[in-house]
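S.K.: Sequence and predicted model, in that order:
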Amino acid sequence: MDLEERYDFARTEPQWQRRWEAERLYEVEEDRDRPKFYLLEMFPYPSGALHMGHVRNYIIGDVLARYRRMTGHNVLHPMGYDAFGLPAENAAILRGVHPADWTYDIIRTIRRQLKMLGISYDWRREVASCHPGYYRWTQWMFLLLHRRGLAYRKLAPVNWCPQCSTVLANEQVEDGCCWRCHSVVGKRELEQWFFRITAYADRLLEDLDLLEGWPERVRTMQRNWIGRSEGVEIRFPVVGLDAALTVFTTRQDTVFGVTFMALAPEHPLLPRLLEGNGRAAEIREYIEKARKMTEIDRASTAREKTGVFTGHYCTNPLSGEKIPIWVADYVLMEYGSGAVMGVPAHDQRDFEFVRTHRLPLRVVVQPQDGPELDPATMVEASPAYGRMVNSGQFDGLCGEDALRRVADYIEEHGLGRRAVHYRLRDWLISRQRYWGAPIPVIYCSGCGVVPVPENALPVLLPPEVDFQPKGMSPLAACPEFVAAYCPSCGGQARRETDTMDTFVCSSWYFLRYLSPRYEGGPFRTEAAAYWFPVDQYVGGIEHAVLHLLYARFFTKVLYDEGMVPHPEPFRRLLTQGMVLKDGSAMSKSRGNVVSPDDMVRRYGADATRLTTLFAAPPEKDFEWTDQGIEGAARFVARVWRLVRAWKTIPGGPPRPPAEAERDLRRALHASLRRITCDLEERQQMNTALAAAMEMVNAAYAYRERVQPQDHDPAVVAEFLDILVRVIAPFLPHLAEELWRTELGRTGSVHCQPWPAWDRGALEADEVTLVVQVNGRVRDRLTLPADVTDGESIRLRALELDRVKQAVGGRRVARVVVVPGRLVNVVVE
RNA sequence: GCCGGGGUAGCCGAGCUGGCACAGGCGGCGCACUCAAAAUGCGUUGGGGCAACCCCCCGUGCGGGUUCGAAUCCCGCCCCCGGCACCA
């Protein structure tokens, strides 16, 4: 072999990419005779060229897709673009180009990058959510939800991002800041469209148990987000007023310990309590102050609990006691009923409140263990469940029983009812921006809110619009768009001018891929019957409660509508970690972006793929290093040289395998088994690749050990055949080059069946047992593999010099023999 | 505070359901090839003790426990990452 010869990835890789496209290798149709496998990566938001962090996602997905193809599956592996959204609009404002031009430009770049990496997509199925052929069906989804009573309009205080100049859903506010631009989010009172995701709260929660293929972390995050609490709502009549305050509590066993009532400053009953109230001025001042506070300040637990007494009282319906009503800004209007029964002895917040305002405290639950609670000496609340005291007829009841009996009593006496509350809020989907799918609704002075008829979709986004943000929807300033006829009465009417949240577009895209150009509906139900659900989804953890929750919600609605055969969209989920550079996530503003274009140019697509796959398990973050990719490129070349050197071994008569051949075959099949397990069950590409490297190392060791003229042709041929197949998912270009060009095989390696390991090759003639004395390794014992008799192994172990030495004449108490593994001699 | 996930060489990481701790890579060192270098191939690489091989001791965040045997199981801590959090 000429050592100067090098693997020319720059020539080879594009050549095979063109060939695969010409051979339509990755294009699939429904095929009832083959098991399907739907493999999907989260589609990118086209806000710029992809960096290494983005492409890791597609590389991981591609390995799994290629592996499934080789295991005989009919693999659907599509790609598209989450192309409606703010970055495009902001870039357009900044650069004076139209968002559509900007978006399609970036899409071209991303498509080129994905092709350059050799990702095996069925490109015919590409979708872009900003295309009318797509958003027509996003609008259709809106109408479906509307028809099912799941889309409604209401006036509510909503999150407003001043930077993005639009409202945001709760899920899109992180620590009081906009998820995208990190500006502090304020509140505005606006009439907006919501999706009633809370109607599905229980199912979204319960079905998490079905998602065994999801990381526990994501399931926990969704559980936290949904935040289900079981309790009771209790009505406290207001003294001297024909009204009652309803409170929600999960601790009805503490109801005899209520010493005050606290209302949120926004509570609707407050205006009535202020009528003719001598303290009205003071109270109003407090309410105003609370209103002006930012969400973050108000939510701070570090703040002292402030409040003012309203001068009014209500009656505890169980004890008959008179309870003072306060206003306190630690009570949130958005949760429960905006009123809290204050039980200072058993709730830390209420405890802090009474300490500042000198209100009384009463112990009504004694913990099962620990000292008796004494109100005089308590320094914090005691939230533990226990035995009810000072609670009249309920005294002595404990724990769950107490909760149940009090709830029963409340219901039987009409004082309230059992209730379940959620942290989850309805999904606010209106956006006061231009670059999104218009909400398909018309407002008629006579008929009210009228949905656009399905056959009038899409409601097209007009191209010529001034989209400079002015705190209102750009479409409202476009008279041609606003003017409409009422679909119901035909009279002059007005169009809705808000667009839909980007997350609406991405809540159903995995269904559009199934029949991407279908005109008769969002997707062909027969296609869904075959392909749905996604078998393996790959994407970032950042969507744990955003996209992944919304997509589950949409799927359940479509399931109820009978359009999809399964209530969950993603059977298995892999959340890949980030690629870090200099210790942090890549971003343009940080200037630490590693470009896949550079890496592919310098080292090739396969080496780039290998680097991201081998550096760490897929779900973990890893630091990008130049040494890493150099090592990857070395391995690519090492494989190439091995195959080049070995393909010329002439055939010869079969011969009995010698020890060197048996060792090589054992290493080959042991690695094959490991790679198969790692891909099949654990999805650990890094360890699969480690096994592939061991495989190659074993071949080099064989070449050191055996003279070239003595290389066993049959063993070498088997080795190359298996090696090239197993590297195919990881290094698709190299594998194809070796398969077709070097080994001269016909057809693509990517259409070959995945090899099965040979159990027989794994069996060794001899096994080496570890011999321990008191758990420490002292020697080794090599025996023919067929010696499994414990007694003879025991005797031979005790005969070993080093064992005798370690035993040192002490009495042998017992000998543990694990055949095939070890012997442990236990001495006193 | 609650919930989830982690902590193994100089670095990235293997180690499954208790059985030789550290596979594979990176980095380091050495050898071969070369006039030389690069590239490549081979060897070596946890710490300590010993002149030295053998060998011995220590070593998976910390402290206990279970076990013939623990990175792995149990109990109690510490630290890191992520989520939720004035949610009644």
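M.R.: Here it is on my side, so go on. Numbers count the residues shown, from 1 in each chain, chains lettered A, B, ... in the order given.
S.K.: Whatever residue of the stretch 401-550 of chain A ends up closest to RNA strand B: neighbour count?
M.R.: Residue nearest to RNA strand B within the stretch 401-550 of chain A: A:R423 (4.1 Å; C-beta to the nearest atom of the strand). For glycine as for every other residue, the C-beta is placed from the backbone atoms N, C-alpha and C. Other residues near A:R423 come to 15 when the count uses other C-beta atoms under 10 Å.
S.K.: Relative to A:Q222, how far out is it?
M.R.: 11 Å (C-beta to C-beta, to the nearest Å).
S.K.: okay, and the common contacts of the two?
M.R.: Contact criterion C-beta atoms under 8 Å, 6 or more residues apart in numbering; residues shared by A:R423 and A:Q222: none found.
S.K.: before we move on, the earlier item: my reading is that the residue of the stretch 401-550 of chain A closest to RNA strand B lies in a strand. Confirm?
M.R.: No: using DSSP: H, G, I helix; E, B strand; the rest coil, the assignment for A:R423 is coil, not a strand.
S.K.: pretty sure it contacts A:G227?
M.R.: Yes: if you go by C-beta atoms under 8 Å, A:R423 and A:G227 touch, sitting 2.7 Å apart.
S.K.: Show me how chain A divides into domains.
M.R.: A:34-138+A:504-585, A:229-421, A:596-762, A:766-827 (automatic domain parsing).
S.K.: what distance separates the start and the end of the shortest one?
M.R.: The one in question is domain A:766-827. 28 Å (C-alpha to C-alpha, to the nearest Å).
S.K.: hmm, it touching RNA strand B?
M.R.: Yes: residues of domain A:766-827 contacting RNA strand B under C-beta under 7 Å from any atom of the strand: A:768, A:770, A:772, A:774-778, A:780, A:802, A:806, A:814, A:816, A:818, A:821-822, A:824, A:826.
S.K.: Could you pick out the buried ones from the residues you listed?
M.R.: With neighbours counted using 16 or more other C-beta atoms under 10 Å, these contain these buried positions: A:772, A:778, A:806, A:822, A:824.
S.K.: out of those, who's nearest RNA strand B?
M.R.: Of these, the one sitting nearest to RNA strand B (C-beta to the nearest atom of the strand) turns out to be A:N824, at 3.6 Å.
S.K.: neighbours around the residue of the stretch 151-300 of chain A found nearest RNA strand B, how many?
M.R.: Residue nearest to RNA strand B within the stretch 151-300 of chain A: A:T249 (3.2 Å; C-beta to the nearest atom of the strand). Residues within reach of A:T249, counting by other C-beta under 10 Å, total 23.
S.K.: which ones are touching it?
M.R.: A:231-232, A:234, A:255, A:340-341.
S.K.: got it, and A:A632?
M.R.: Listed by C-beta under 8 Å, 6+ apart, the contact set of A:A632 reads A:603, A:607-608, A:610-611, A:614.
S.K.: The same query, at a cut-off of 6 Å, please.
M.R.: Counting by C-beta atoms under 6 Å, 6 or more residues apart in numbering, A:A632 makes contact with A:607, A:610-611.
S.K.: Dump the residues you listed to TSV, plus distance to A:S584 and pLDDT.
M.R.: Output for those, formatted as TSV (distance: C-beta to C-beta, whole Å; pLDDT from 0 to 100):
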residue	distance to A:S584	pLDDT
A:A607	24	97
A:L610	24	96
A:T611	19	95
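S.K.: Neighbour count added to those residues, as a markdown table?
M.R.: A markdown table is the format used below for those (neighbours: other C-beta atoms under 10 Å):
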| residue | neighbour count |
| --- | --- |
| A:A607 | 24 |
| A:L610 | 28 |
| A:T611 | 27 |
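S.K.: Report the beta-bridge partner residues of the residue of the stretch 151-300 of chain A closest to RNA strand B.
M.R.: A:V232 (DSSP bridges).
S.K.: Stretch A:678-696 and RNA strand B, any residue contact?
M.R.: Yes: using C-beta under 7 Å from any atom of the strand, stretch A:678-696 reaches RNA strand B at A:682, A:684, A:686-687, A:689-690, A:693-694.
S.K.: Angles on the backbone of A:Y485, please.
M.R.: When read as degrees, to the nearest 10, the backbone of A:Y485 gives phi -100, psi 140.
S.K.: Pairing partners for it in the sheet, please.
M.R.: Taking DSSP bridges as the rule, A:Y485 bridges to A:Q492.
S.K.: any idea how far it is from A:A476?
M.R.: 18 Å.
S.K.: out of these two, which sits in the more crowded spot?
M.R.: Taking other C-beta under 10 Å, A:Y485 and A:A476 do not tie; A:A476 has more neighbours (17 against 12).
S.K.: How about the residues of the stretch 451-600 of chain A by RNA strand B?
M.R.: Proximity of the stretch 451-600 of chain A to RNA strand B, by C-beta under 7 Å from any atom of the strand, involves residues A:541, A:544-545.
S.K.: Could you list the residues in contact with stretch A:437-445?
M.R.: A:135, A:138-139, A:142, A:193, A:450-452, A:459, A:461, A:484, A:486, A:493-496, A:498-500.
S.K.: Generate a ChimeraX selection restricted to the buried subset of the residues you listed.
M.R.: To isolate the buried ones among these in ChimeraX, judged by 16+ other C-beta under 10 Å, type:
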select /A:135,138,139,142,193,450,451,452,459,461,484,486,493,495,496,498,499,500
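S.K.: Which ones among the contacts of stretch A:437-445 lie within helices?
M.R.: Of the contacts of stretch A:437-445, the ones assigned to helices by DSSP state H are A:135, A:138-139, A:142.
S.K.: could you dump those residues to TSV with pLDDT and distance to A:D329?
M.R.: Output for the ones in helices among the contacts of stretch A:437-445, formatted as TSV (pLDDT from 0 to 100; distance: C-beta to C-beta, whole Å):
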residue	pLDDT	distance to A:D329
A:Y135	98	42
A:T138	98	39
A:Q139	98	41
A:F142	98	37
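S.K.: could those go into TSV alongside distance to A:R124?
M.R.: Shown next, in TSV, are these (distance: C-beta to C-beta, whole Å):
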residue	distance to A:R124
A:Y135	20
A:T138	21
A:Q139	24
A:F142	27
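S.K.: Same list, these, but as TSV with distance to RNA strand B please.
M.R.: Output for the ones in helices among the contacts of stretch A:437-445, formatted as TSV (distance: C-beta to the nearest atom of the strand, whole Å):
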residue	distance to RNA strand B
A:Y135	29
A:T138	26
A:Q139	29
A:F142	26
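S.K.: Show the contacting residues for the spatially most central residue of chain A.
M.R.: Centroid-nearest residue in chain A, with C-alpha atoms, centre = their mean: A:A544, separated by 3.7 Å. Residues near A:A544 by C-beta under 6 Å, 6+ apart: A:218, A:221.
S.K.: Now it, what are its backbone angles?
M.R.: According to degrees, to the nearest 10, A:A544 has phi -50, psi -40.
S.K.: Let me see the confidence value for it.
M.R.: Here the pLDDT value assigned to A:A544 is 85.
S.K.: Then A:T220?
M.R.: pLDDT at A:T220 comes out at 86.
S.K.: Compute the number of surrounding residues for it.
M.R.: 12.
S.K.: Over to A:S473?
M.R.: A:S473 has 27 nearby residues by other C-beta under 10 Å.
S.K.: and what of the one 4 residues further on?
M.R.: Counted with other C-beta under 10 Å, the burial measure for A:A477 works out to 16 neighbours.
S.K.: Could you check how far the closest residue in space to A:G80 that isn't next to it in sequence is from A:C178?
M.R.: Residue nearest to A:G80 in three dimensions, not counting chain neighbours: A:V127, with 3.8 Å by C-beta to C-beta, 6 or more residues apart in numbering. Going from A:V127 to A:C178 by C-beta to C-beta gives 27 Å.
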